[in-house]
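Enquirer: got a sequence here, can you model it:
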Amino acid sequence: MTYTLNIINAPWAIEPAKLLEIQAIYAGYLRGEQIDIEAIEKRLGRPLVNEPKAYTIESGVAVLPIEGIVAKRMNLLTQISGGTSSQRAAQSLETALHDSSVHSIILAIDSPGGTVDGTELLANSVAAARSVKPVVTLASGMMCSAAYWIGSAAQSVYLADSTTQAGSIGVVATHTDISGAQAAQGIKTSEITAGRYKRIASSYAPLSPAGRQSMQDQVDYTYSLFVEAVAKNRGVGTDKVLRDMADGRVFVGKQAIDAGLADGIVTLPKLVDMLNKNRTGTKSPPPEPVLPATRAEVDQAAKAYMQRNPDASYLAAVKAVAPGA
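Expert: Got it, this is the predicted structure:
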């Protein structure tokens with residue numbers, strides 16, 4: 001139950017309506033309800049098969065989908081409404097970087113956002129990948145909150161049409177007080193804690209002023225990270241982001257371009273064609289790693305990898321040249 005409460009109360013960077021849907025699903029768990037998958041499938045008239053895909057290749061360009069709710073790990077939510085695991089997306093990105101048949105990468109995003117947890121790591125992976133191969137973002141439908149954090153890390157950001165939504169830069173956390181519901185069932189939960197802030201915003205009691213401030217501090221800090229990341233990714237100052245981009249608004253089409261969130265409107269086939277025409281002068285794909293046999297050889301190979309990829313850490317370099325080390 002603690003994990004479920006964390007899902008509900010943790011900071012999210014997501015469109016409000018989608019967050020309410022997620023919270024409703026998990027709140028059912030707290031009431032002891034079971035999700036009737038068969039009933040949902042019957043209502044939808046189709047089976048719930050929403051397994052995320054890795055990437056497809058279009059004329060040498062890897063198209064990596066980031067769709068639905070983004071979270072570090074996806075399970076029931078993926079089955080019901082589709083979604084993307086930020087961990088799996090990072091793995092797919094790494095695979096595309098070492099795929100000799102791929103010269104460029106498109107992040108094809110259609111997502112309302114998701115959990116803060118895992119988003120920064122995926123965005124950082126996108127930024128680092130740019131030093132190896134061209135990486136651009138193409139949003140279709142929606143690229144909001146956490147999805148924009150990730151997409152903005154690419155070299156360029158495009159919208160598929162003039163109705164695509166982008167933005168909603170902000171962070172939200174909610175507190176759910178279930179003490180009344182428990183009381184109605186004749187249940188009272190008492191928590192024994194140590195540490196001033198341990199369970200300061202407990203779901204088994206009304207939210208106290210101290211608990212509210214603790215949650216607000218966490219949201220404000222995460223928001224500052226989001227703003228700084230967008231500023232760095234888009235090559236502007238934080239004052240520009242705060243003034244024109246990050247007040248929580250959702251921008252549509254040309255509005256997003258005028259605000260500085262996107263660089264233009266282009267279809268997928270045209271973007272693939274652009275990337276193929278721009279191949280001249282781009283970096284060659286990294287060579288397939290030769291697995292070293294000794295610790296000294298691992299170290300030497302890792303240092304050589306870091307010279308080719310300046311943004312890579314030593315640990316990442318070791319993992320790249322000697323996965324089993």
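
Enquirer: hey, where'd the strands end up in this structure?
Expert: Assigned by DSSP state E, the chain shows strands spanning 12-14, 56-58, 61-67, 69-71, 83-85, 104-111, 113-115, 135-144, 156-159, 165-167, 250-252, 264-265.

Enquirer: mind listing the strands the shortest one pairs with, and their directions?
Expert: Take DSSP bridges as the rule and strand 264-265 pairs in its sheet with strand 156-159 (parallel).

Enquirer: returning to what we had before: and the strands of the chain: which comes nearest Asp239?
Expert: Closest approach to Asp239 among the strands of the chain (C-beta to C-beta): strand 165-167, 17.2 Å. Placement of C-beta: from N, CA and C, glycine included.

Enquirer: state the mean pLDDT of that closest one.
Expert: Average pLDDT, strand 165-167: 96.

Enquirer: neighbouring strands - and their directions - for it?
Expert: Strand 165-167 pairs in its sheet with strand 135-144 (parallel), strand 250-252 (antiparallel), by DSSP bridges.

Enquirer: where do the helices of this protein begin and end?
Expert: 2-9, 16-30, 37-44, 76-81, 86-97, 119-129, 146-151, 179-184, 209-234, 238-240, 254-259, 268-277, 295-308, 314-321 (DSSP state H).

Enquirer: quick one: low-confidence parts of this protein?
Expert: Residues of the chain that meet the criterion pLDDT under 70 lie in 1-53, 74-82, 280-300, 302, 305, 308, 314-315, 317-325.

Enquirer: let's check: the centremost residue of it is which one?
Expert: Thr119 (3.9 Å; C-alpha atoms, centre = their mean).

Enquirer: measure it to Met306 for me?
Expert: The gap separating Thr119 from Met306 is 25 Å, by C-beta to C-beta, to the nearest Å.

Enquirer: got it, and Lys188?
Expert: Distance, Lys188 to Met306, using C-beta to C-beta: 57 Å.

Enquirer: out of the two, which sits in the busier spot?
Expert: Using other C-beta atoms under 10 Å as the criterion, Lys188 and Met306 rank with Met306 on top: 18 against 9.

Enquirer: for Ile257, give me its contacts.
Expert: Counting by C-beta atoms under 8 Å, 6 or more residues apart in numbering, Ile257 makes contact with Leu159, Asp263, Gly264, Ile265.

Enquirer: also Ser111?
Expert: Contact partners of Ser111, counting by C-beta under 8 Å, 6+ apart, are Ile66, Glu67, Gly68, Ile69, Val70, Thr84, Met142, Met143, Cys144, Ala146, Ala147.

Enquirer: from the centre of the protein, give me the residue that's furthest out.
Expert: Outermost residue of the chain (C-alpha atoms, centre = their mean): Gly186, 40.3 Å.

Enquirer: the closest residue to Pro134 other than its chain neighbours and Pro209, how far apart?
Expert: Closest residue in space to Pro134, ignoring its immediate chain neighbours: Ser104 at 4.3 Å, by C-beta to C-beta, 6 or more residues apart in numbering. Distance of Ser104 to Pro209, given as C-beta to C-beta: 52 Å.

Enquirer: more crowded one of those two?
Expert: Ser104 (24 against 7).

Enquirer: the more buried one against Ala129, yeah?
Expert: No. Between Ser104 and Ala129 there is no contact under C-beta atoms under 8 Å: 10.7 Å.
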